[in-house]
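In: Sequence below, structure please.
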Amino acid sequence: MPTSTVLPAQGSKTDTILDYIPLSTKLLRDVGDATNVPYLKVIAGVSVMIAETIQTVKNNKQDCIKMTERAYELVCAIINVFSESEAELSPSMVRNIVQFTDTLQKLLSYVRIQAEGSIFERIRKHTEISRLLADCKEGLRSAMDNFGITSQISTSATLAQIQLEENLRHQEVMAFLESKTVKFELNTNSVWSTSTLLSLLPQEPQIFYGRDSELKQVVTALQGPDDARVPILGQGGIGKTSLALAALHHPDIVDKYTQRYFIACDSSGSVEELHSAMAMSLGIQNVRKLERAIVEFFEGKTHANNVLLVLDNFETPWEGQSRLKTEEFLSVLCGVKRLSIIITMRGTERPSGPRWTRPFLPPLQPLSFEAAKSIFVEISDEPEDSPNIAEIIQLTDSLPLAVKLLAQLASFEGSGAVLRRWKEEKDYLYTDGDDKTNNLDISIGLSLSSHRIRTQKGAKELLTAISLLPIGISDFSLKQVGMPIDGVLKCKSVLCSTALAYVDSSGKLKALTPVREYMLKVHPPTLELYDPLCRHFYEFINILYTSRGNPPKGLIQQVNSNLGNVISLLRFATLESEGDIRRETLHCVIGLALVDHFTGFETGSILALIKMDIGDLEKDEWGGWYWYALSQSRLVSYNGAIHRENLWNAVRVFEAVGHKRGIVQAYHAIALYGDTFFDDGTVGSRIDSMACVKKSIQAAEESQNPRFKATAYFALAQVWYYSGKLREALRSVQEAKEFAKVSGTLILENQCLVQEGNIYLAFGKFPRCLAMLKQATENYTALGIEDTSPVTMHKDHLLAAAYYSSQNMMNL
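Out: Next comes the predicted model:
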């Protein structure tokens, strides 16, 4: 860990502050590059713009300088947080960073107004500017409280000391972060592949006996001249995933397939959720037609390579709400040339549709006695001639997972003790199902009643908790969640020692699917255990939902890396609620639906689960947001009539409860999609759109919120623009831009700048168009928005068009 600390400058002189802001922001930007933590590069970019702008401030200069000093101290504090903390951040710390980023954008807006705004504009917008100043001061004060204690900033160093130590401190911080970088990166994706340095395939099984013939058949199929389509079937705990991983890591397969992907499907309860999970895993974002995008992704990968895809636990989406659609999607994937596919599925039935490779691999059977004995002896270290081994294996029916669980017990209890407990406890431990399933359940039950589990208070409760988390949970999060479990890391060690849980390649604690299902059936979570998990994981959705504009990629990745756990918790809450779903769950479902264009997760199936509670929801604004979110769902958004009905339902609720933001946004959506709702697409539909915009503006004016006003006037500008009335559009977008400035929302200001540039381009006023787009480019760069984002691509196209048009005019 670095021995030095990033120190803020003494004093409040403008020149010294400006000298050292670039040094600290460079370090912060490097930390952001190294860790992929959201908003760090945005903080660095906006801080630099503040430092550049403050030199030209003409009015209220002392306020600007004092606030800039506070901002500089906070940048130093954030650097210290990352040089002193673990490789993960709690949701509360991420929220603090998001809030500080919002404050910095407001500070930049305020400084720009004091540097650039005319006296007339300052007088006209006096109320909004005063509110902006108050927001800046309150935001900085709150950030000082949030970060000051955590970072323990020393204020005794001089600027000369900072300058002398800058390079050394930079090297120390970056060297310290190198050891953390892998953990950050591995936690950003739920896919494992060999096509990227950011993730790794799951490890090859280390103890693997008795599947030589099955492995040979799978490898032979994958090496054949045709693309392979191999289903691995069998009951739970039979070793399907182990066989798939053994094939995935086989030397001949590694040689043939330059890119290999492993995607877990056990948290996808429908084909839409499967689309979303695959898209998130493959890094596909901001697209509406996910199925097409996934197919195109693999088509691109197979252009010059052989690609192997493993879909593990495929029975979850297949047995979900839309078996036919799941089979159709699988068939489409199987149509991609040079893409071979392995699926693992519980049961003995293969999905219809794909042309499976022949000869079919039979459903996996229990291991031979010799193979089961080899596994037992290697894990338990019992003598091979122990008289108890044969009877234990017979009781397990040579089911691999059952053998491994009892071998792990025997490693510290002895085989004789395990055998005695089986005979004494089996009647108590039996659950519903066939005999082999019962034997697996008994094996799990015996592990839970072992001396280690019984004497380690909280171990069983921890296993129940991670049974709700298919993506797993890190040590850092285990300590942060706040479950009523003493010595949670010791409990983790006990669970791993009994093979009831394991740590995956990204360092997360997980349980196998049969163990998770057993725990949720036999030992379901109590409210005291469930609540802290919900609060922790729901917070990721709340942060993304409340973040403004276009969130950085790091935040989306952090949310996506936890999304499987969030969906599992939501699904458990809605299905087990017996019609009484708690409001925090309802809010999280709606919040998740409102950000699905960022996460890529299709929330229609989740929203359907809470429709029964809509009457209670409509008592406040959440009912309106439910209808609004439903209108944006990919499952209904292509149906204009349903889309319109949902938006009008949203308006009805928002107006009933007086929720101005909702009214503005719902009318905005109706206005901008007016042509979609009217079959003829004539002027009549535009008149209706204009009526909706006026409703939006009315609500915004009543709210006195400049951000709402900017949104409403921007919609008005778009309606005028698409009606061909450019002068009216220009006036409206300029009004929207001024409100966006005083709201401190850079992304909204940028949208106005791009639209204003577009209008100037239509007028043929190329220098003004270029000026608007240049400012937008600077803002986008500060916000760290990648060139591949749709809004930035639109801006770049306008910039190119304006440039070439101006060149043509010069040549006339």
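
In: Would you state the strands of the stretch 101-250 of the chain in chain order?
Out: 191-193, 229-234 (DSSP state E, counting those that start in this stretch).

In: looking at those strands, which has the lowest confidence?
Out: If the strands of the stretch 101-250 of the chain are sorted by mean pLDDT, strand 191-193 sits at the bottom with a mean of 51.

In: Mind picking out the helix or strand in the protein with the poorest mean pLDDT?
Out: Averaged element by element with mean pLDDT, DSSP states H and E, the chain has its least confident helix or strand at helix 674-677 (a mean of 45).

In: S506 - how many residues pack around it?
Out: 22 (other Cβ atoms under 10 Å). In this view, the C-beta of every residue, glycine as well, is placed from N, C-alpha and C.

In: Nearest spatial neighbour of I485, chain-adjacent residues omitted?
Out: Distance criterion Cβ to Cβ, 6 or more residues apart in numbering; nearest residue to I485, sequence neighbours excluded, is G458 at 3.8 Å.

In: The one you found: what's it in contact with?
Out: 485-488, 491 (Cβ atoms under 8 Å, 6 or more residues apart in numbering).

In: Which pLDDT does the model give it?
Out: 94.

In: how close does it get to I54?
Out: 54 Å (Cβ to Cβ, to the nearest Å).

In: ok, now I284?
Out: 41 Å.

In: Could you check which of these two is surrounded by more residues?
Out: Taking other Cβ under 10 Å, I284 and I54 do not tie; I54 has more neighbours (23 against 17).

In: That one is in contact with V111, isn't it?
Out: Yes - look at I54 against V111 with Cβ atoms under 8 Å: they come within range, at 5.5 Å.

In: residues shared between the contacts of those two?
Out: Residues touching both I54 and V111 (Cβ under 8 Å, 6+ apart) are 64, 68.

In: thinking again about what came up before, next secondary structure element downstream of the least confident helix or strand of the chain?
Out: Per DSSP states H and E, helix 674-677 leads on to helix 683-703 as the next helix or strand towards the C-terminus.

In: Going by neighbour count, which residues in that next one are buried?
Out: Buried residues in helix 683-703, counting neighbours by 16 or more other Cβ atoms under 10 Å, are found at 685-686, 688-690, 692-693, 695-697, 699-700, 703.

In: Could you do stretch 728-745 as well?
Out: Neighbour-count burial for stretch 728-745 [16+ other Cβ under 10 Å]: 729-733, 735-745.

In: of these, closest to L569?
Out: T745 (31.6 Å; Cβ to Cβ).

In: these two touch, right, that closest one and R707?
Out: Yes - T745 lies in contact with R707 (Cβ under 8 Å); the separation is 5.6 Å.

In: what about the helices in the stretch 1-150 of the chain?
Out: Here the stretch 1-150 of the chain has its helices, by DSSP state H, counting those that start in this stretch, at 14-35, 40-54, 61-84, 91-116, 119-124, 126-151.

In: Tabulate those helices in JSON lines, adding columns for distance to R583 and mean pLDDT.
Out: Shown next, in JSON lines, are these (distance: least, Cβ to Cβ, whole Å; pLDDT from 0 to 100):
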{"stretch": "helix 14-35", "distance to R583": "34", "mean pLDDT": "70"}
{"stretch": "helix 40-54", "distance to R583": "32", "mean pLDDT": "87"}
{"stretch": "helix 61-84", "distance to R583": "32", "mean pLDDT": "82"}
{"stretch": "helix 91-116", "distance to R583": "19", "mean pLDDT": "89"}
{"stretch": "helix 119-124", "distance to R583": "42", "mean pLDDT": "72"}
{"stretch": "helix 126-151", "distance to R583": "26", "mean pLDDT": "84"}
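
In: can you put these in JSON lines and add distance to F376?
Out: As requested, the helices of the stretch 1-150 of the chain are exported to JSON lines (distance: least, Cβ to Cβ, whole Å):
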{"stretch": "helix 14-35", "distance to F376": "44"}
{"stretch": "helix 40-54", "distance to F376": "50"}
{"stretch": "helix 61-84", "distance to F376": "47"}
{"stretch": "helix 91-116", "distance to F376": "43"}
{"stretch": "helix 119-124", "distance to F376": "80"}
{"stretch": "helix 126-151", "distance to F376": "50"}
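
In: Out of the ones you listed, the one nearest G764 is which?
Out: Once the helices of the stretch 1-150 of the chain are compared by Cβ to Cβ, helix 91-116 is nearest, at 26.0 Å.

In: what packs against the helix or strand where K709 lies?
Out: In this assignment (DSSP H and E), K709 forms part of helix 706-722. For helix 706-722, the elements it packs on are helix 126-151, helix 660-672, helix 683-703, helix 726-743, helix 746-763, judged by 3 or more Cβ pairs under 8 Å, 6 or more residues apart in numbering; DSSP states H and E.

In: out of these, nearest to I444?
Out: Closest approach to I444 among these (Cβ to Cβ): helix 126-151, 41.8 Å.
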